[in-house]
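> coords below, sequence missing:
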């Protein structure tokens with residue numbers, strides 16, 4: 001039987017869940033989705049890649065976003081979900097925020113896993 005690995009771009013996935021009107025993304029069943037996608041194949045790796053929210057002191061919106069992300073990370077890393085959280089960072093440029101380092105981490109982990117024969121799919 002072939003082994004499977006799952007690599008989730010957290011920012012894109014979060015926005016898709018919002019588009020589908022799924023609001024409590026911190027408690028989403030990520031493991032259930034991974035197993036459904038694996039279609040019975042053993043999952044050797046489940047990674048969630050995302051830029052980390054850093055809250056500016058005194059900014060209630062940023063504090064709420066940071067707390068929500070901490071809850072998400074706790075859920076993903078729980079014994080039930082068993083995801084590895086790979087953190088990038090978020091950079092501000094003239095009031096626009098950009099996620100940095102996430103795509104490169106996904107690509108590196110994907111290639112290293114393939115080279116080391118950790119998964120087939």
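In hand now; what should we look at? None of these values were measured; they are calculated from a predicted model.
> what residues are up against the residue nearest to the spatial centre of the chain?
Of all residues in the chain, the one closest to the mean position by Cα atoms, centre = their mean is residue 48, 2.5 Å from it. If you count contacts by Cβ atoms under 8 Å, 6 or more residues apart in numbering, residue 48 has them with 8, 10, 13, 30, 76, 83, 84, 85, 86. For the C-beta atoms, the positions are set from N, CA and C on the backbone; glycine is no exception.
> again, only using 7 Å
Each residue near residue 48 by Cβ atoms under 7 Å, 6 or more residues apart in numbering is listed here: 8, 10, 76, 83, 85.
> Any idea what it is bridged to?
residue 8, residue 85 (DSSP bridges).
> now for the helix or strand of the chain with the lowest mean pLDDT, which elements pack on it?
In the chain, the helix or strand scored least confidently by mean pLDDT, DSSP states H and E is strand 96-100, which has a mean of 84. Helices and strands touching strand 96-100, by 3 or more Cβ pairs under 7 Å, 6 or more residues apart in numbering; DSSP states H and E, are strand 84-93.
> in the chain, what residue sits furthest out from the centroid?
Taking Cα atoms, centre = their mean, the residue of the chain most remote from its mean C-alpha position is residue 58, at 27.0 Å.
> That one in helix, strand or coil?
coil (DSSP: H, G, I helix; E, B strand; the rest coil).
> No further queries at this time; thank you.
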